[in-house]
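**Student:** requesting a structural model of the entry that follows:
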Amino acid sequence: MKSFRRVSLFVIAGVVAAGLAPAGAQAPPVTPTLVTIRASHQSGGVDRIVYEFEGGLPSSYRVRSVDELIADGSGRRVRIAGRAILRVRFADAVAHDAQGETVFKRQAFALPNIMTSVRAGDFEGVTTYGIGLAKRTDFQVFTLQDPARVVIDVRAAFPTVDRRVYFFNLDNFIDNVMPFFTPVVRPVPAGAPATGVMDRLFAGPVSSERADGLRLLRSRATGFADLVISDGVAEVRLAGGCSSGGSTVSVAGEIIPTLRQFPTVDWIKIFDRAGDTGSPTGDTDSIPACLEP
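**Tutor:** You can find the predicted model right below:
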């Protein structure tokens, strides 16, 4: 009898070690994993963003408007473009793969209202994202199954106009082929198109544009704090840091053509966070010393 019991224990231990549960045991629950984020414009003046999960829906979710996007854990402010922000928080969900690599950190969309989705947390089963909007509007949230999705519909029934936004062309720069900055088209609010194109600039290129070599060259700026157009001069002050890194190209190469497209703008003055620029007056473009090569 003692010999039989020893053999039985060894067999059970071998089954557990092989990852096979004994009869009647339940497998551990699967944590829903974020596998896709996509967005599109819908009929009826709505922008829709979808967070799709593998392994079922999160146990809970919450979407609310916030004034700034704060990183979970560190409490640091996360840069996100737009005039308004929705914070989306999923409980019992992760946004990283089996190797622990974070997915979907930052995405841009060329939609009337939804501009970007930015990760702000993925820790201990709580995943947080911010959605950067062109304008604060009403929204509604619902879920779908097969596959599991959390869907957010944001109202986008306001007039827009198409304007150009210039991004750094990394492939051309590496090949030393001009131009180093390439325009793309974005819908922006008709009532504030200059602010709209600056928001779109700092939202960055969409995935297909990134595949073509376009990048947001920030020069350590996190965005812009002020934009004033008066008497043919556009004055814009950068937020966050400011450094060309010794390069001959910088965020100025994106800002200047993006703002010069407007007929009311003849000259562009770019200021650093402290309010300094090379030539604050006069008929000339100007950049701060931190953007010089």
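
**Student:** in contact with residue 172, which residues?
**Tutor:** Under the criterion of C-beta atoms under 8 Å, 6 or more residues apart in numbering, the contact list for residue 172 reads 178, 179, 180, 182, 213. Every residue, glycine included, has its C-beta placed from N, CA and C.

**Student:** in a helix, it, correct?
**Tutor:** Yes. Read with DSSP: H, G, I helix; E, B strand; the rest coil, residue 172 is one of the residues of a helix.

**Student:** mind listing the helices for the chain?
**Tutor:** Along the chain, the segments classed as helices by DSSP state H run 2-17, 170-175, 193-203, 207-211, 252-260.

**Student:** and the shortest one, what's its mean pLDDT?
**Tutor:** So the one you mean is helix 207-211. Mean pLDDT, helix 207-211: 97.

**Student:** likewise the longest one?
**Tutor:** Per-residue pLDDT over helix 2-17 has a mean of 37.

**Student:** over to the third one?
**Tutor:** If you average the pLDDT over helix 193-203, you get 98.

**Student:** quickly list the domain ranges of the protein.
**Tutor:** Domain assignment for the chain, taken from automatic domain parsing, gives 33-155, 160-291.

**Student:** the shortest one: end-to-end distance?
**Tutor:** What it means is domain 33-155. Its first and final residues considered, domain 33-155 spans 27 Å by C-alpha to C-alpha, to the nearest Å.

**Student:** ok, how many other residues are close to residue 164?
**Tutor:** Under the neighbour criterion other C-beta atoms under 10 Å, residue 164 is assigned a count of 15.

**Student:** and it, bridged to which residues?
**Tutor:** On the basis of DSSP bridges, residue 164 is bridged to residue 185.

**Student:** that one contacts residue 261, doesn't it?
**Tutor:** Yes. Counting by C-beta atoms under 8 Å, a contact exists between residue 164 and residue 261, whose distance comes to 5.5 Å.

**Student:** show me just the buried residues among the contacts of residue 172.
**Tutor:** Buried positions within the contacts of residue 172, assessed by neighbour count (16 or more other C-beta atoms under 10 Å), are 180, 182, 213.

**Student:** now do residue 217 against residue 182, distance only.
**Tutor:** As defined by C-beta to C-beta, to the nearest Å, residue 217 lies at a distance of 12 Å from residue 182.

**Student:** next one: residue 290
**Tutor:** Using C-beta to C-beta, residue 290 is found at 24 Å from residue 182.

**Student:** in contact with residue 129, which residues are there?
**Tutor:** Taking C-beta under 8 Å, 6+ apart as the contact definition, residue 129 lies against 37, 51, 87, 88, 117, 118, 119, 120.

**Student:** the third one bridge partners, please.
**Tutor:** Counting by DSSP bridges, residue 87 forms beta bridges with residue 64, residue 130.

**Student:** what about it, neighbour count?
**Tutor:** For residue 87, the count of nearby residues is 19 (other C-beta under 10 Å).

**Student:** now the last one
**Tutor:** Using other C-beta under 10 Å, the number of residues around residue 120 comes to 24.

**Student:** what separation is there between the residue nearest to it when sequence neighbours are not counted and residue 138?
**Tutor:** In space, and not counting its chain neighbours, residue 120 is closest to residue 128: 4.4 Å by C-beta to C-beta, 6 or more residues apart in numbering. In this structure, residue 128 and residue 138 are separated by 22 Å, where distance is defined by C-beta to C-beta.

**Student:** of those two, who's got more company?
**Tutor:** The residue with more neighbours, out of residue 128 and residue 138 and counting by other C-beta under 10 Å, is residue 128; that gives 22 against 9.
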